[in-house]
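*Asks:* with the input below, show me the fold.
(2 chains)
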Amino acid sequence: MKHTSTWITTYAKLMSAVALIGLTQSSPARSQEPQQVLAQRIVEQGNGRGAAGCASCHGERGEGMREAGFPRLAGLSAPYLQAQLLHFQRGQRDNPVMAPMAKPLSAQEIEALAQYYASMPAPTQAPIPEPAPSPALLRAGARLVRDGRWADDIPACTACHGKSLGGLAQAFPPLTGQPAPYISAALTQWRSGARRGDPNDLMGAVARRLSDDDIAAVSTYLSTLSATAPKVKP
Amino acid sequence: MTRHATLLTFAMLSLAACQRQAPQSPPSPPTQPAPTPASPADERFRPPERGAYPEGPFGESVRRGELIFRETKVYAARFVGNDLSCSNCHLDDGRRADSTPMWAAWGLYPAYRKKNGHVNTMAERLQGCFTFSMDAAHAEAKQAPDVLDPVIVDLEAYIYWLATGAPAGVKLKGQGYPELARPAAAPDVARGAALYEAQCALCHGDQGQGLVDPAGGQAFPALWGERSFNWGAGMHRTNTAAAFIRANMPLGKPNSLTVQEAWDVAAFMNRHERPADPRQHDGTLAQADGQYHDEDCQYGDEVEGGPLGDGR
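*Replies:* Below is the predicted model of the structure:
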C-alpha cells in the first residue's frame, strides 16, 4: 500500500541517518572523556557483547573480592592491565572465568578499561584472610618475600617487585592489596605453566621452585599488606 | 690455643658432616656456629641464619655492617660516589654461593694481590671496593674510608660473622664465581647488545641506567655510565663479568645463558664508558692501560669518539 511503503522508506532513511551518526561517533579521533565514559559503562553494565560488568566481581572501587579471591585492579599500571586482558584473550593466561569476559572486548575497550583502573586510587584496606593467619605462617611468608631462599635460587619478591612490594616499572606489578587465594592461584599457575606471558619466563622460573607450603606462606603474608602501606624504611 | 683447636676441629667436622651440627642455645657467641638444617646434597658452607645476631656491641656492629652491605649508598653515603650497594653483585647480602660470597672471602685474607703488588688485609681489600666499585672519588669523602673507620670495622664484623665456623686459609666450595670456559668465538658486542635488550634491559634499563624503586633506593644497579662502578673495578673485566653473569643472571635464572652468551653480553656491557680508573690520574690513560689493564678488558680500546676509559 502506498502509505506503508512511504512509512518504510522514511523509517529506513531515519535508521540510515542514525547508523551514519553512530559510525561518525566511533571514529578514532575521540577525546579523553568518552574513553572514561566507555570504561565506566563496561565496568557497571558490561559491553553488551558478552563481557559482564567488571565491578560485579572486582568491586565498586576496583578493590577485588577477598573471599572469592578476585584481584584488585585499582592502581595497577595501565600497560600491565592491558597485557593481562590480552593474555586472557589469547590463552597465555588460561583462565575459564576471565577468558569469556576478555574475548568480547575490543582493543579500544581494553585500553579504556586499563586506563580507568590504573587511575583509580588503590584500596587502603589489606584483604587479610579470616580467621587471622598463624604467626608462624606469616613469619615464613615474610622471610620468603623479603629475603628469598637463595639456596634454592629463589630471590626475594622485593628484589623485583620493589622494597614496598608496590611494583617496579610496568613489568613487575604491585603485590600488595591482593587476596591470598588470588596470589596462591597465580603462583600455582605460574608454576604449572597455565599462566605465561611473563617477560623472559622470569616468574615461571621462580614459581617452579616454590613448594605448596611456600605458596601458602607467601600468599598469606602478602595479603596482609595494604596497597597504601607507608614507604618501607631500609 | 686449646679453644682455637677445638673450634677448628668443630668446624672441620661440621664441613665433613654436611653441616650437621649440634644444636646451640641462642644467643650464640660469634665463635660458635649457629645451627643450620642439613640436607643430603648440601656440601656447601652455610652462614648463620638471618637475624641470629650475636648479643652486645659486637652484634650491633654486625647489624650495622649488614645494613651497610645491603644499602651502601644509604649507610656509607660519604664513601659512595655512585648508586651501587655491595649486595648488587654479592647476592643475598653476601651469602649466595658462586656470587663471591663473603663467608668464603674472609678466610682468604690477608693475601698477596697482583692488583696492587703487595699483601692486603681484609680491611684494605674492603677499601678497594669503595675506591673502585663504589667510585669513592666522586663521593663526599673523595676516597675510601680509613681502615679504622666504623664503616670498615662494621663491614669486617659482618663478614667475619657470616664466616662463623669456616676454616681459615681454605678455598671453600662456592667461593668466587664458578670457573667459566673461554668462549668458542671471540666475544661479540653486537650479539651481546641483542641479548642485553632481550634479557637485561627490563631491569637494568635500555641505557644501562638501572631502575629506581619508587619506594626509595635503587632497585637494579646501573651497569655503565656515571652511576656505575669505575674502570678500576674487577667487574669491568670481560672475563670477570662473564663469570658473574653466567652464574647469577638474569636474577632468578642462574646458569640459563650459554658460555658464549655470557661472554657476549659481558663484552657489550663493558663496551660503554664509566667513571675513570682512579689510578689513571698518576699518568696518561695509555700508561694506566699498560700498567693496570690486560687483554681481558676494553679499557683503552678505540671506539667512536676516543679510547674507552676517559671516564666522566
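*Asks:* how about B:Gln143: what's its closest non-neighbour residue?
*Replies:* Sequence neighbours aside, B:Ala136 is the residue nearest to B:Gln143 in space, at 5.4 Å (criterion: CB to CB, 6 or more residues apart in numbering or on different chains). Where you see a C-beta, it was placed from the backbone N, CA and C, and this is true even at glycine.
*Asks:* I'd say that neighbour and B:Leu126 touch.
*Replies:* No: using CB atoms under 8 Å, B:Ala136 is not in contact with B:Leu126; the gap is 11.5 Å.
*Asks:* tell me which helix or strand comes right after the helix or strand of chain A with the lowest mean pLDDT.
*Replies:* When each helix and strand of chain A is scored by mean pLDDT, DSSP states H and E, helix A:2-25 comes last, with a mean of 58. As assigned by DSSP states H and E, the chain's next helix or strand after helix A:2-25 is helix A:32-45.
*Asks:* what's downstream of that next one, the next helix or strand?
*Replies:* Per DSSP H and E, the first helix or strand lying C-terminal to helix A:32-45 is helix A:55-58.
*Asks:* from the contact counts, what lies against the following helix or strand past that following helix?
*Replies:* Note on helix A:55-58: by DSSP H and E, the next helix or strand toward the C-terminus is helix A:78-90. Where contact means 3 or more CB pairs under 8 Å, 6 or more residues apart in numbering or on different chains; DSSP states H and E, helix A:78-90 is packed against helix A:99-102, helix A:107-118.
*Asks:* what residues does helix A:78-90 touch?
*Replies:* Contacts with helix A:78-90, where a contact means CB atoms under 8 Å, 6 or more residues apart in numbering or on different chains, come from A:73, A:92-93, A:95, A:98-99, A:101-103, A:105, A:110-111, A:113-115, A:117-118, A:170-171, A:173, A:195-197.
*Asks:* out of those residues, which are buried?
*Replies:* Buried subset of these (neighbour count, 16 or more other CB atoms under 10 Å in any protein chain shown): A:73, A:92-93, A:95, A:98, A:101-102, A:105, A:110-111, A:113-115, A:117-118, A:171, A:173, A:195-197.
*Asks:* ok, which of the residues you listed also contact chain B?
*Replies:* Restricting these to those touching chain B (CB under 8 Å from any CB of the partner chain) yields A:Ala171.
*Asks:* just to revisit the earlier point, could you dump the helices and strands packed on helix A:78-90 to a markdown table with mean pLDDT?
*Replies:* Below are the helices and strands packed on helix A:78-90 laid out as a markdown table (pLDDT from 0 to 100):
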| stretch | mean pLDDT |
| --- | --- |
| helix A:99-102 | 96 |
| helix A:107-118 | 96 |
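*Asks:* possible to save those as JSON lines with distance to A:Asp214?
*Replies:* Formatted as JSON lines, those follow (distance: least, CB to CB, whole Å):
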{"stretch": "helix A:99-102", "distance to A:Asp214": "28"}
{"stretch": "helix A:107-118", "distance to A:Asp214": "29"}
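*Asks:* low pLDDT regions in the chain?
*Replies:* You didn't say which chain, so I picked chain A. Low-confidence segments of chain A, defined by pLDDT under 70, are located at A:1-33, A:229-234.
*Asks:* to clarify, I was referring to chain B.
*Replies:* Counting by pLDDT under 70, the low-confidence segments of chain B come to B:1-42, B:282-283, B:311-312.
*Asks:* quick one: the helices in it, in order.
*Replies:* With DSSP state H as the criterion, chain B has helices at B:2-16, B:56-70, B:72-75, B:91-94, B:102-106, B:122-128, B:150-162, B:189-199, B:201-204, B:238-248, B:259-269, B:285-292.
*Asks:* on contacts alone, who are the packing partners of the fifth one?
*Replies:* It refers to helix B:102-106. If you count contacts as 3+ CB pairs under 8 Å, 6+ apart, helix B:102-106 packs onto helix B:122-128, helix B:150-162.
*Asks:* nearest to B:Cys297, of the ones you listed?
*Replies:* Comparison of the helices and strands packed on helix B:102-106 against B:Cys297 by CB to CB identifies helix B:122-128 as nearest, at 16.4 Å.
*Asks:* can you list the residues of the stretch 101-250 of chain B near chain A?
*Replies:* With the criterion set to CB under 8 Å from any CB, the stretch 101-250 of chain B comes near chain A through B:Ala198, B:Gln199, B:Leu202, B:Cys203, B:Leu211, B:Asp213, B:Pro214, B:Ala215, B:Gly216, B:Gly217, B:Ala219, B:Pro250.
*Asks:* how much space between the fifth one and A:Gly75?
*Replies:* With distances defined as CB to CB, to the nearest Å, the gap from B:Leu211 to A:Gly75 amounts to 19 Å.
*Asks:* now swap in the fourth one and tell me
*Replies:* Per CB to CB, B:Cys203 is found 22 Å from A:Gly75.
*Asks:* looking at those two, which has the bigger crowd around it?
*Replies:* B:Cys203 (24 against 21; other CB atoms under 10 Å in any protein chain shown).
*Asks:* show me what contacts the spatially closest residue to the more buried one that is not a sequence neighbour?
*Replies:* Spatially, and ignoring its direct neighbours in sequence, B:Cys203 is nearest to B:Phe220 (4.3 Å; CB to CB, 6+ apart). Residues in contact with B:Phe220 (CB under 8 Å, 6+ apart) are B:Cys203, B:His204, B:Gly205, B:Gly210, B:Leu211.
*Asks:* show me what B:Phe220 is bridged to.
*Replies:* Following DSSP bridges, B:Phe220 is listed with bridge partners B:Leu211.
*Asks:* from A:Tyr80, how far out is the spatially most central residue of chain A?
*Replies:* Centroid-nearest residue in chain A, with CA atoms, centre = their mean: A:Leu73, separated by 4.7 Å. Distance, A:Leu73 to A:Tyr80, using CB to CB: 10 Å.
*Asks:* near chain B, which residues of chain A show up?
*Replies:* For chain A, the residues in contact with chain B (CB under 8 Å from any CB) are A:143, A:147-148, A:150-151, A:153-155, A:159-160, A:162-164, A:166-169, A:171, A:199-202, A:205-206, A:231-232, A:234.
*Asks:* ok, 6 Å please
*Replies:* Proximity of chain A to chain B, by CB under 6 Å from any CB of the partner chain, involves residues A:147, A:150, A:153, A:155, A:162-164, A:166, A:168, A:171, A:199-200, A:202, A:205-206, A:231-232, A:234.
*Asks:* which ones among those are found in helices?
*Replies:* Using DSSP H, the subset of those located in helices is A:Asp147, A:Leu202, A:Ala205, A:Val206.
*Asks:* let me know whether the last one touches B:Gly252 as I believe.
*Replies:* Just to be clear, that refers to A:Val206. Yes: with contacts counted by CB atoms under 6 Å, A:Val206 reaches B:Gly252, the gap being 4.8 Å.
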